[in-house]
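>>> predicted model and sequence below, questions to follow.
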Amino acid sequence: MAQAALTPIRRNVSLTKEVVERLRRAILTGELAEGTPLPEAQTAAKFGVSRVPVREALVELERQGLVQFETNGRATVRPFNDEDEAEILSLRGALQTMAARLAAAKLTDADVARLESILARARDTRDLTDFSAMDTAFHDEIIAIARNKRLSRVWTDLRAQMELWLSRLHRQREKLTHDVRNATLASHREMIEVLKTRKPKAAADLMELHCSWKDWPPKAD
């Protein structure tokens, strides 16, 4: 499925947007591993486009934090070192804990229905990258329910890097535990049930716990 990302692009679409989406998908699936060079000419040739939309796409992906430019101007798929991961985790925990606290106080029946819908789609998803996207979408929705514009803006800045980190983590842990999906679904089900109590502190405490792990799910013995 991932191999479809690096094939020629149809001409009836926005080239830059399509290149962004193709490269983003290839990065999230691991088809383009961290540290992989992304030379403009070769990438353009794979997509059957000029170098201009590729250059524009790389700039956009660099803005999202999925690509980095080295001092010589060469673009590569962004790796995360320990400091990067620590920053992503700490910000994710702070933002989501705040969001859960606010969401519990503002939750409506329509909000619950949207969370349930995301959970159902995640349950039906067999592809691990798509499942990671549903995991991120669940947390997106909690941010939306919090109804705080500035919180939402900060989350948007973090979102792409968090999704990349999460997709890599899911692949690593699935190889060890083969239970990433069930553990995540159970955790999100618990989160919905706590939010439904409309108790802000309980929701914040559970979210803080949910976001506190680095090596979750637990490593196999």
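Ah, there it is.
>>> C-alpha only now, for contacts and for neighbours.
OK.
>>> what ranges in this protein fall below the confidence cut-off?
1-13, 178, 213-221 (pLDDT under 70).
>>> try 80
1-13, 176-179, 212-221 (pLDDT under 80).
>>> which stretches of it form helices?
In the chain, helices defined by DSSP state H lie at 15-29, 40-47, 51-64, 82-106, 109-124, 128-146, 149-177, 180-195, 200-210, listed in chain order.
>>> tabulate those in JSON lines, adding columns for distance to residue 73.
Compiled in JSON lines, the helices of the chain are given as follows (distance: least, Cα to Cα, whole Å):
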{"stretch": "helix 15-29", "distance to residue 73": "18"}
{"stretch": "helix 40-47", "distance to residue 73": "11"}
{"stretch": "helix 51-64", "distance to residue 73": "11"}
{"stretch": "helix 82-106", "distance to residue 73": "21"}
{"stretch": "helix 109-124", "distance to residue 73": "39"}
{"stretch": "helix 128-146", "distance to residue 73": "29"}
{"stretch": "helix 149-177", "distance to residue 73": "21"}
{"stretch": "helix 180-195", "distance to residue 73": "37"}
{"stretch": "helix 200-210", "distance to residue 73": "38"}
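>>> same list (these) but as TSV, adding mean neighbour count and distance to residue 70.
Converted to TSV, the helices of the chain look like this (neighbours: other Cα atoms under 10 Å; distance: least, Cα to Cα, whole Å):
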stretch	mean neighbour count	distance to residue 70
helix 15-29	20	18
helix 40-47	16	14
helix 51-64	19	11
helix 82-106	19	17
helix 109-124	15	36
helix 128-146	20	27
helix 149-177	17	18
helix 180-195	17	34
helix 200-210	19	35
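>>> which parts of the protein belong to which domain?
Domain assignment for the chain by automatic domain parsing gives 2-77, 82-210.
>>> leaving out the residues flanking it, which one is nearest to the residue most central in space within the chain?
Centroid check for the chain by Cα atoms, centre = their mean gives residue 163 as the closest residue, at 1.6 Å. Among residues not flanking residue 163 along the chain, residue 136 sits closest, at 6.3 Å (Cα to Cα, 6 or more residues apart in numbering).
>>> doesn't residue 165 make contact with the one you found?
No. Judged on Cα atoms under 8 Å, residue 136 makes no contact with residue 165 at a distance of 10.7 Å.
>>> quick revisit: so who does the residue nearest to the centre of the chain touch?
Taking Cα atoms under 8 Å, 6 or more residues apart in numbering as the criterion, residue 163 is in contact with 28, 132-133, 136.
>>> between the residues you listed, which sits nearest residue 114?
Ranked by distance to residue 114 (Cα to Cα), the contacts of residue 163 are led by residue 136 at 13.8 Å.
>>> against residue 56, how distant is that closest one?
From residue 136 across to residue 56, the span is 25 Å (Cα to Cα, to the nearest Å).
>>> what of residue 134?
27 Å.
>>> ok, now residue 101?
39 Å.
>>> could you do residue 99 as well?
On the measure of Cα to Cα, residue 99 and residue 56 end up 33 Å apart.
>>> and residue 127, by the same measure?
Counting by Cα to Cα, the gap from residue 127 to residue 56 is 29 Å.
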